[in-house]
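Sequence first, then the predicted structure:
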Amino acid sequence: MDGLGRRGVLAAGGALGALGALSLASPAKARSLWTWSPAGSVAGSGAGVDPEWVWDEEVDQLVAAVIDRGDVPRVNEALRTWTRNDQPLPGALPADVREWMEEARRLPSWADRSKLELAADFNRRRGIYLNLLNGVGGGMLSTAIPREARAVYYSKGGADMEDRVAKTSLLGFAVGDLNAYRPDGKVVVESVKTRLVHAAVRHLLPQSPGWSRTSGGQTIPISQADMMVTWHSLPTYAMRKMLEWKVPMPAADKEAYLHLWQVSAHMLGIRDEYIPATWADANSQYRQVLEPILASTPEGVELTDILLGQLAEQTSPGGIDRPLCDALARYLVGDEIADMDGIPREPFWEGAIRTAWPALVAFREKLIPLPLVPPLAWTVDEAVRQYILFYLTKGQGTHIDIPETNRPTNP
């Protein structure tokens, strides 16, 4: 079971690295009536407006103006010099962009530093599961979300999936880093840049004939509902799977991990009245907004094949472990979603994983109390993350940039 060793599992997680984070989701099927109450949100109240018809109006207007006046190269060049949470904003930014970013970079008043620190420690101790679930599992869920798959496919990044995955990995790795919300962290930086990208996609994607032809009638992508769909494909899905695997987690750890993603949702522009306050609220919203809309699309099937091909190449140069990667993906998301994604059946490896993974989880949990295991595990995790980004960018590095166009050659 060498392919299921630590290196393979960690590379798997980082490879897909929260694919939806730079595209975000939206259902193509008919949506059920929005009934989730804002009383279950971190705000505790709200208008109860269906988030399908709510976007991110202020930044949308700003970025549309930036694109229309030809300022995207200037803004991107300035943003590349902004790399730390505590760093002043670049002076070369246009005044209107800088003014918006000064407000957007502020943490919500309800952010709890002690919980964020505990969440960082939880990521350190549970990184092997979280990398796998937020990477491969979340990636396979995202390709089964019709509008998310199409938004990725028809936007500019869809033409170069290695670069797209590298960019989304920047945000995913930043959220899971030990210093995520500390002054020297990067999650505030990558979140604000991602909000700018989302606004650009909302402006550009409706101009794409390919997306407009397949959007299921949605006129503007990446609504607040869309963002919550993707949010649930990451922390909610990951927590449900860890509970299914019987990973022991104190209540404080679970609460801290939720808080990390609550703050991250706010930083990505999701309104507080849509962010679940508890895991019970999150699961309730998950069942309403994510589960009913999963479906197969040609774009999703193609993206799945590309992503699993990249995963196989990273875990074993030459791609000789593709059958194992297919079986692992199927194990993580289940047969129904795997069939939607067009993932081939691999009976031998599927049986082996079903037998080996629970044993691996149990064995690892026995090792966790040993003094050197968590720091050593984090060192290995970080080394693999850096390798993944180096591999995906061919050693050239990458940045979250505002796009000026859609996919260059739309089918």
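Perfect, I can see it now.

list the buried ones in stretch 60-67?
Asp60, Leu62, Val63, Val66, Ile67 (16 or more other C-beta atoms under 10 Å). Where you see a C-beta, it was placed from the backbone N, CA and C, and this is true even at glycine.

Give me the pLDDT value at the third one.
I take that to be Val63. For Val63, the pLDDT comes out at 98.

can you tell me how far it sits from Leu204?
In this structure, Val63 and Leu204 are separated by 10 Å, where distance is defined by C-beta to C-beta, to the nearest Å.

What of Tyr153?
Taking C-beta to C-beta as the measure, Tyr153 and Leu204 are separated by 14 Å.

Compare these two (neighbour count), which wins?
Tyr153 (27 against 23; other C-beta atoms under 10 Å).

can you tell me which helix or strand that one belongs to?
Assigned by DSSP states H and E, Tyr153 falls within helix 146-154.

Just give the number of residues close to Pro88.
Close neighbours of Pro88, defined as other C-beta under 10 Å, add up to 9.

I meant Ala251, not that one.
Look at Ala251: counted by other C-beta under 10 Å, it has 8 neighbours.

From Gly137, how far out is it?
According to C-beta to C-beta, Ala251 and Gly137 sit 23 Å apart.

now Ile353
To Gly137, Ile353 is 13 Å away according to C-beta to C-beta.

more neighbours, these two?
Regarding Ile353 and Gly137, a neighbour count based on other C-beta under 10 Å identifies Gly137 as having more, with 26 against 21.

Quick check, pLDDT for the more buried one.
Predicted confidence (pLDDT) at Gly137: the value is 88.

Could you give the separation of stretch 227-240 from the chain centroid?
Here the centre of stretch 227-240 is set off from its chain's centre by 9 Å, with C-alpha atoms, centre = their mean, to the nearest Å.

how long is that stretch from one end to the other?
Taking C-alpha to C-alpha, to the nearest Å, stretch 227-240 runs 19 Å from one end to the other.

Begin at 21, not 1, for the rest of this chat.
Done: numbering now begins at 21, and the last item shifts to stretch 247-260.

Report the mean per-residue pLDDT for that stretch.
Model confidence over stretch 247-260 averages 96 on the pLDDT scale.

Please apply the same query to stretch 308-325.
For stretch 308-325, the mean per-residue pLDDT is 92.

Mind listing what's buried along it?
For stretch 308-325, the buried set under the neighbour-count rule, 16+ other C-beta under 10 Å, comprises 308-310, 313-317, 319-325.
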